[in-house]
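Novice: I would like the atomic coordinates for the input below:
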Amino acid sequence: MAKGLVVIISGASSVGKGAIRDALLADADLSLFKSVSMTTRPAKEGEVDGRDYYFVTHKEFADAVKNKALLEYTEFNGYYYGIPKNQVEFLVNMGKNVLIEVEAQGVGPIKLNMPESLAFFIMPESFEELQKQIMERYKDDEASAHRRINKAKMDMEIAPLFRNTISNANTEEAVKQIKEVILKELAKNNE
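Specialist: Reported below is the predicted structural model:
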C-alpha cells in the first residue's frame, strides 16, 4: 500500500488558514484527514476533545515533548500546542492523506521528520489588510492584537523559505491553486 501524503498549511495569524483548511478538507478529490493538535489551553465553548484538539494537562504535554511524541510544538499566550507524531504516522502508513495546520516555525520540525511533506505558506493580500483584520478580530483585546501583528510580521519573513507560497486575496482561488499542487503530487506518488 502506498503511503499517504502530508500537506502542511501555514501562514500568519488571521490570514484565512482556517477557511482554506476547511475547503480542502471538504474536497472529496483530495480525501484529506485533519490532524488534531494537542493543547494545554482549556476547551472553548462547543469544542470537543479529540475532534478540535486533544486537551491535556501541562504535565501530559511535557511528557509528550520529553518522549519525542510530537512532530512540532509551540507556545502562544501561555498555552502549548503540538502535533502528535503517532496520529500522523498512523494515518500516512494507512495510505491516508493528512492535512496539518501549523504556525510557520512549526513547519521546519515537521519537514525534518517527514521530508516528503508538502508545505504551503498562505500570504495576506497585503500586510495592511492583515493588520486591519487582526485589529478587528481582536478589538476587545488590544494587547493580544498587537502580539499577533508582531508575530505575523515575523511569520511573513519566513515565507520566502517555502516552495509553495499562496496569496489569499481570494480564498476560492487560493484553494484552487493548493489543490492543483496537491493533485500533481498525488499523481506523481501513484506513478
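Novice: From now on I want contacts and neighbour counts done on CA atoms only, so please keep to that.
Specialist: OK.
Novice: mind checking the longest helix of this protein?
Specialist: Longest helix in the chain by number of residues, with DSSP state H as the criterion: helix 171-189.
Novice: which residues touch the residue nearest the centre of the chain?
Specialist: For the chain, the residue nearest the mean C-alpha position is E101 (1.3 Å; Cα atoms, centre = their mean). Residues in contact with E101 (Cα atoms under 8 Å, 6 or more residues apart in numbering) are 8-10, 17, 21, 35.
Novice: So which of those residues belong to strands?
Specialist: Counting by DSSP state E, these place 8-10 in strands.
Novice: Turn these into TSV, including distance to I166.
Specialist: Output for those, formatted as TSV (distance: Cα to Cα, whole Å):
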residue	distance to I166
I8	13
I9	10
S10	10
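Novice: which one of those residues has the most neighbours?
Specialist: Most neighbours among those, by other Cα atoms under 10 Å: S10, with 28 neighbours.
Novice: which residues does that residue bridge with?
Specialist: Beta bridges link S10 to F121 when assigned by DSSP bridges.
Novice: Quick one: neighbours of G46, just the number.
Specialist: Number of residues near G46 (other Cα under 10 Å) recorded here: 7.
Novice: And A19, by the same measure?
Specialist: Residues near A19, counting by other Cα under 10 Å, number 13.
Novice: Which pLDDT value belongs to it?
Specialist: Listed pLDDT for A19 reads 92.
Novice: SS state for it?
Specialist: Look at A19: counting by DSSP: H, G, I helix; E, B strand; the rest coil, its state is helix.
Novice: give me the low-pLDDT residue ranges for this structure?
Specialist: 1, 191 (pLDDT under 70).
Novice: what are the ranges of the helices in it?
Specialist: Using DSSP H, helices in the chain cover 17-26, 58-66, 85-93, 104-113, 127-137, 142-158, 171-189.
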